Structure formats: structure tokens, C-alpha cells
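J.: Structure, please.
(one chain, ligands or ions: 1)
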Amino acid sequence: MRDLLRRPVRAGATRHDDGVPTLAVEDVTVRFAGLTALDRVRFTVEPGTIHALIGPNGAGKSSCFNVLSGVYRAAGGSVRFGDAELTALPPHRIAALGVARTFQNIVLTRGTVADNLMLGRHTLTGAGFAATAFRLPRGLREQRLHRERVGEVAAFVGLDAVLDTPVSLLPYGDRKRVELARALCMEPKLLLLDEPVAGMNTTERVAMARTITHIRDALGISVLIVEHDMGMVMRMADEVTVLDFGRRIGGGSPETVQRDPAVVQAYLGGASAVDTTTGASAESTAPHAEEAP
Ligand SMILES: Nc1ncnc2c1ncn2[C@@H]1O[C@H](COP(=O)(O)OP(=O)(O)OP(=O)(O)O)[C@@H](O)[C@H]1O
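T.: Predicted structure coming up:
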């Protein structure tokens, strides 16, 4: 399956080599008027690992994702993905380098599952508008290859049975899964997952955690995940970076982070200790939480 998902669909073109580059975030700073949302933040996502970016509300996690995906421009620092410097690039160029992002709030309400997954193939389309619109042989052949690939990705994430179903009819957990599959359809080397289990029930969370782990293990893709479900983070992450008030206050293995007094204090002390997205108290979102999966 790994080779299938990496298979180039553009005749004669290999979109990216087989190597998954290291993501090196170095001294990244983001400011909004008088507020410093990220203050010289550093961390490294090693190839083929799951790296979790955690921290209380307002810590700077989304701002960091927005820099990595080209939505925000950093005031300082660098983000290197292999040989490429990402901080000067627009979102579509970053996506073309193999960085795919999923979003916290699902916006998928139109079209079938297959339609939405085909959107993920957009950056890989080589035949051009004319060949596709006028149904020229090259365009048709490429469309067929993209559809095949969409079917393979759907099967990988367990959506093959609902490929022709409108997303609006799917349960919430499956819609989040479509969002993940759409990102996978971009043939990424690095997946940025923004709260992939937010709003899910326990069964859906367990299934999503398995899928994300499977993506790392079977495809070798790096995953950077922002997630408030600490049970899930601590079980699946190879490495964790902890932010608080825009600063990196800790990092390392899940075990190291859970024992770090500064991290525990950030979650349990101060005004940022309550998770405003869920209304949960700090205890339930602190890094030693034990909920499933
Ligand atoms: N576009 C913006 N304009 C002004 N301030 C912003 C903007 N985006 C984020 N901020 C501020 O930057 C800080 C970091 O916010 P950010 O959304 O990155 O945190 P977060 O860790 O993702 O929080 P959450 O877990 O609640 O999503 C916050 O104080 C926030 O209010």
C-alpha cells in the first residue's frame, strides 16, 4: 500500500522522492499587534514520526500550524522542510512540497466522498484545464488514474464503502475521516492534523487514533498533530512539544513531558487551565489524562 500511495500519477513525473524530510522549526516568532503569539519556538519533526504540539488554550498551536502551512507569515525564525525554506512560501507552494493540512472545523458538506477526495488530487493534476475540460485522451487517462488512487486512499482509511455517498449524510466521525483522506490524497510527506478527534465519541476517537498510527507505520509519513485529547496524544506520539503563552516550555518523549513540572503547572495553574473548546477542567486535559484510546 505504501508504494501505491506514493505512486506518481503524472506521466514521466515523480512528484517527490521517496525520502520524507525532517521539519525543522527554528526560533519562529509570530506577532499580532502588541501580542506575541509565538516567541522563538523551536522543535524538530523527525521523518516518519508522530510529533504532538500541545499546550493550553491560546498557547500558540494554531498560529504555529498557520506558519507551517503558509497562512501566517512569521516575524522571525525559519521553518525548513528538507532543503526548502517554508516561511517565504504561499500555501499552495508548501502543499506542493508535500505538506498537507487538515482543519479543526469540518467544512465538508458538499459532494460525495469521492468528489471531496478528488479535491485532494488537485495539486497533482498535470493534464491541465483544457485536456480535462475538453475530455482529451490525456485528460481522461489522468482522471481515471486519479479516481483509482482516490479508491485506494478511501480503502486505506476505511471509506471505500461510502465513496459515492454525499458527505452530508455521513456521521460526524466519518466526515472527519474524509478530511483526513482528502489530505492523504495530496500524497503528503508531512501531515498537519489540527484536532483530528475533536467532537468525536470514544469509538470514533479510537478508530481515528488507529488510522493515524497506521499512516505513520504503513506509509512512513511524518505527522504533526495538535490535539487536546491527552490520552490519545500520550499513547500515539513519539515526541511532544509543549507550548504555553507562545513559548516552548517543554518537550521530549510523552513520559518525559508528563513528568515535567513546568508542563504540569502550565496545565493545572493559571487562567489558561480551562479548555474553552470543551469546557473541560484542566485536570481532564492535562498531559497525564488516561482516557481512551
Ligand atoms: N489572527 C489573530 N489576530 C490576533 N490575535 C491572534 C490571532 N490568531 C491568534 N491570536 C492570538 O494568539 C494567541 C495564540 O493563539 P492560537 O490560536 O495560536 O492558540 P492555540 O494554542 O491554538 O489555542 P486553542 O487551543 O484555543 O486553539 C492567542 O492569544 C490568540 O488570541
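
J.: Wait, Asp260 touches Gly250, no?
T.: Yes. Look at Asp260 against Gly250 with CB atoms under 8 Å: they come within range, at 4.5 Å. (C-beta placed from N, C-alpha, C; glycine too.)

J.: which of the two has more neighbours?
T.: Gly250 (23 against 18; other CB atoms under 10 Å).

J.: Work out for me the element the more buried one sits within.
T.: Using DSSP states H and E, the secondary-structure element containing Gly250 is strand 247-252.

J.: can you give me the strands for the stretch 151-293 of the chain?
T.: Ranges of strands in the stretch 151-293 of the chain, per DSSP state E, counting those that start in this stretch, are 190-194, 222-226, 239-244, 247-252.

J.: pLDDT weak spots in this structure?
T.: Scanning the chain with the threshold set as pLDDT under 70 gives 1-18, 106-108, 124-139, 269-293.

J.: how about the helix ranked longest in it: buried residues?
T.: Selection of the longest helix in the chain by residue count, based on DSSP state H, yields helix 137-157. Neighbour-count burial for helix 137-157, counted by 16 or more other CB atoms under 10 Å, picks out Gly139, Glu142, Gln143, Leu145, His146, Arg149, Val150, Glu152, Val153, Ala154, Phe156, Val157.

J.: which ones are touching the last one?
T.: In other words, Val157. For Val157, the contact set (CB atoms under 8 Å, 6 or more residues apart in numbering) comprises Arg177, Leu180, Ala181, Leu184, Thr211.

J.: ok, it to the ligand distance?
T.: Using CB to the nearest ligand atom, to the nearest Å, we find Val157 at a distance of 25 Å from the ligand.

J.: what's the answer for Met236, then?
T.: Applying CB to the nearest ligand atom, the value for Met236 to the ligand is 18 Å.

J.: ditto for Arg80
T.: For Arg80, the distance to the ligand (CB to the nearest ligand atom) stands at 21 Å.
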